[in-house]
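In: no sequence on this one, just coordinates:
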Ligand SMILES: CSC[C@H]1O[C@H](OP(=O)(O)O)[C@H](O)[C@@H]1O
């Protein structure tokens, strides 16, 4: 694929932007993918909250970008006569959106950054502040594109080191840390898309997508993206990753993250920690693609990361003709798990590749 066709691909799957009148968010409803590509507009705080909660828009960076645009849209409607009233409305909207999901730190990072922007400009008029908030959300979105590019370039360097004549590089990934989870290149998918921009063919890579039960972001979203980009793609059940690694088909693993603790432990979609343990067993390099906005230096270790527990029906009802488990059983449905820092080969940030000891590495890149 040349740059033009890569850009065309991105236009098809880009989510998390504003409508032309800037009065609503314009997103792809990811709960309908891959069968239906439907764009929806979110204009009220309730619609934005529900879309984040139900994963119509999802993925740590995309949640952060959407929350930032959401705050700009909601603030633009304020009829407050003075700053204190305007700020009081802002705080209420911020707290409401912050209650949508607890794990991805980008949500809180983006909301706090929008609040800081507002306070830094408190002496300006309300119309000026409203415009500044839109501009700050645009900056967050544009920064995310560059962050993903930087992560992609570093990841592409790792792919080049693995490339052997006549054989695709086997890449395993989990959940969706792609375009649909960010402002453009994705994080775990960024190395693949940057490879295409550098002239690699889709057959130079073979991406294996963990289906990622129970919400199937890997089967539904990552394979949709990566196959649309012309890359050789295989979907496999989560419990098949070990056999792929044993067969020597996986050369490297890239995953995203939702919150990285100071010591390098990180939360990512449920199933990530098991994949890391299997990778360690087979000696396969395991890389976390981590925007610095997802690294939370205030959280000492993975034990302090709040893990979202989701609706049991996502396990027992979704995707099945009829309920797949008896009514009288408990259902365990954590959205994320924590992977120990000892299982990570490296953490690819936009400021460089970090290796253990991670706290030192994070401080070296200015966190
Ligand atoms: C680029 S971060 C994507 C990250 O977010 C996903 O979680 P969810 O689909 O629940 O928003 C998953 O953990 C991905 O790795």
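Out: That came through, no problem. The structure presented is a predicted model; accordingly, all values stated were derived computationally and were not measured. Residues are numbered from 1 along each chain as shown.
In: so what touches stretch 61-70?
Out: With contacts defined as Cβ atoms under 8 Å, 6 or more residues apart in numbering, stretch 61-70 is touched by 15-18, 25, 27, 42, 45, 48, 51-52, 57, 93, 97, 101, 104, 106-107, 109-111, 113-114, 136-137, 140-141, 144, 147-148, 180-183, 187, 291, 293-294. Using the backbone N, CA and C atoms, a C-beta is placed for each residue, glycine as well.
In: and it, how far out from the chain middle?
Out: 11 Å (Cα atoms, centre = their mean, to the nearest Å).
In: ok, it near the ligand or not?
Out: Yes. Contact of stretch 61-70 with the ligand (Cβ under 6 Å from any ligand atom) involves residue 61.
In: same deal with stretch 139-147?
Out: No. Contact of stretch 139-147 with the ligand (Cβ under 6 Å from any ligand atom) is absent, the minimum separation being 9.6 Å.
In: likewise stretch 211-229?
Out: Yes. Stretch 211-229 comes into contact with the ligand (Cβ under 6 Å from any ligand atom), by way of residue 217.
In: mean confidence for that stretch?
Out: Taken as a whole, stretch 211-229 has a mean pLDDT of 96.
In: equivalent analysis for stretch 164-172, please.
Out: For stretch 164-172, the per-residue pLDDT averages 97.
In: any idea what the nearest residue to residue 163 once chain neighbours are set aside is bridged to?
Out: Leaving aside its chain neighbours, residue 163 sits nearest to residue 169 (5.6 Å; criterion: Cβ to Cβ, 6 or more residues apart in numbering). Beta-bridge partners recorded for residue 169 (DSSP bridges): residue 205.
In: list the contacts of residue 169.
Out: 159, 162-163, 204-206, 251-252.
In: and the contacts of stretch 61-70, which of them are in strands?
Out: Judged by DSSP state E, strands contain the following of those: 17-18, 25, 27, 42.
In: these: which ones sit near the ligand?
Out: Among the ones in strands among the contacts of stretch 61-70, the ligand is touched by none when using Cβ under 6 Å from any ligand atom.
In: closest to the ligand among these?
Out: residue 27 (13.0 Å; Cβ to the nearest ligand atom).
In: dump the residue contacts of residue 93.
Out: 45, 70-71, 74-75.
In: among the residues you listed, who's most crowded?
Out: Among the contacts of residue 93, residue 70 has the most neighbours (other Cβ atoms under 10 Å), with 31 neighbours.
In: ok, that residue to the ligand distance?
Out: Here residue 70 is placed at a distance of 16 Å from the ligand (Cβ to the nearest ligand atom, to the nearest Å).
In: SS state for that residue?
Out: helix (DSSP: H, G, I helix; E, B strand; the rest coil).
In: how much space separates it from residue 106?
Out: According to Cβ to Cβ, to the nearest Å, residue 70 stands 13 Å off from residue 106.
In: same check, this time on residue 313
Out: Taking Cβ to Cβ, one finds residue 313 at 26 Å from residue 106.
In: buried residues in stretch 297-304?
Out: For stretch 297-304, a neighbour-count test (16 or more other Cβ atoms under 10 Å) marks 299, 302 as buried.
In: got a list of contacts for it?
Out: So stretch 297-304 is contacted by 105, 259, 261-263, 265-267, 305, 338-341, 362, 367 (Cβ under 8 Å, 6+ apart).
In: rerun that using 10 Å as the cut-off
Out: 105, 259-267, 273, 296, 305-306, 337-341, 359, 362-363, 367 (Cβ atoms under 10 Å, 6 or more residues apart in numbering).
In: need the buried ones from these selected in PyMOL.
Out: Selection command for PyMOL covering only the buried members of the contacts of stretch 297-304, criterion 16+ other Cβ under 10 Å:
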select buried, resi 105+259+260+261+262+263+264+265+266+267+273+296+305+337+338+339+340+341+359+362+367
